[in-house]
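*Asks:* below: sequence and its predicted model.
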Amino acid sequence: MDTTQGSFDSFHEWKKGKWAILFSHPADFTPVCTTEIGRLALKYDDLEAMDCKVATLSVDPVKSHKDWLKDVVAHCENEIDIKFPIIGDQDRSISIAYGMIDPGNLDEQELPLTIRAVFIINPENKLMLSLNYPACVGRNMDEIVRCVEALQLSYEKSIATPANWPNNHADIPMPDGSRSTEFKGSVFLLPTVSEEEAKEHYPGYHSCSVPSNINYLRLVKKDDVEKK
């Protein structure tokens with residue numbers, strides 16, 4: 001593949017042993033894509049600190065990418081560098097192979113554009129999460145970073161992140177009738193973790209009381225998970 005940072009023989013070699021995001025956008029010199037690449041550039045250092053590489057792609061040639069990036073940098077309200085490669089895919093070989101083109105557009109458009117796809121891939125090159133947005137909806141880069149963080153946290157741990165994590169369980173009732181804010185940003189133990197294992201590895205976990213009395217809402221503080 002040809003990119004703004006040179007030719008790559010293998011995506012897997014480029015990301016070897018690391019997490020990676022493969023991120024497609026419909027076209028250069030378009031308004032939503034311009035803001036997306038700018039916002040992604042603002043998050044790049046955070047993702048790099050998480051050992052996560054980033055590559056983007058559209059069906060435009062690399063020269064178009066390079067010319068367009070001047071507009072991206074100029075439009076972004078913060079000073080940015082585009083430190084990640086943008087792949088050129090004029091023949092659609094990559095985007096078709098990886099399902100980045102809406103099947104409906106294959107018949108309707110002679111040269112169809114890619115959708116807004118996001119693939120998050122783990123160090124073993126397994127796809128862990130995919131997001132597909134239509135051309136009219138720009139992506140939230142905070143959400144993409146949040147997903148990487150959540151996936152990494154659960155990668156080797158038997159936990160799952162609740163809805164709205166890390167802004168979850170900010171104020172919960174305790175068995176003695178008091179309320180606690182200490183479990184904000186906590187995570188759930190998976191149902192596969194036995195009570196014995198939970199008590200051994202996470203003695204400070206909190207069980208949320210529910211009418212069923214089934215003990216499946218078991219909260220563990222994020223710091224306690226990261227220490228293990």
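*Replies:* Arrived safely. Residues are numbered from 1 along each chain as shown.
*Asks:* now the helices: where do they sit in this structure?
*Replies:* 11-14, 31-49, 62-75, 93-97, 103-108, 141-155, 195-201, 222-227 (DSSP state H).
*Asks:* how about those, which one is nearest Asn125?
*Replies:* helix 11-14 (5.5 Å; CB to CB). Where you see a C-beta, it was placed from the backbone N, CA and C, and this is true even at glycine.
*Asks:* so who does Gly204 touch?
*Replies:* 220-221, 224 (CB atoms under 8 Å, 6 or more residues apart in numbering).
*Asks:* give me the mean pLDDT for stretch 127-140.
*Replies:* In this model, stretch 127-140 carries a mean pLDDT of 93.
*Asks:* gap between the two ends of it?
*Replies:* Here the two ends of stretch 127-140 are set 20 Å apart, with distance taken as CA to CA, to the nearest Å.
*Asks:* and it, how far out from the chain middle?
*Replies:* Mean-position distance between stretch 127-140 and its chain equals 10 Å (CA atoms, centre = their mean, to the nearest Å).
*Asks:* list the contacts of it.
*Replies:* 26, 32, 35-36, 113, 115-122, 144, 147, 151.
*Asks:* ok, these vs Tyr202, which is closest?
*Replies:* Using CB to CB, the contacts of stretch 127-140 come closest to Tyr202 at Leu151, 20.0 Å.
*Asks:* what about the closest residue to that closest one other than its chain neighbours, neighbour count?
*Replies:* Spatially, and ignoring its direct neighbours in sequence, Leu151 is nearest to Met128 (5.1 Å; CB to CB, 6 or more residues apart in numbering). Each residue near Met128 was counted by other CB atoms under 10 Å, and the total is 17.
*Asks:* also Gly17?
*Replies:* Neighbour number of Gly17 under other CB under 10 Å is 8.
*Asks:* per-residue confidence for the nearest residue to it once chain neighbours are set aside?
*Replies:* Spatially, and ignoring its direct neighbours in sequence, Gly17 is nearest to Pro123 (5.3 Å; CB to CB, 6+ apart). You'll see Pro123 listed with a pLDDT of 97.
*Asks:* mind listing residues that contact stretch 148-156?
*Replies:* Taking CB under 8 Å, 6+ apart as the rule, stretch 148-156 contacts 19, 21, 47, 50, 52, 120, 122, 128-129, 159-161, 165, 187, 222, 225-226.
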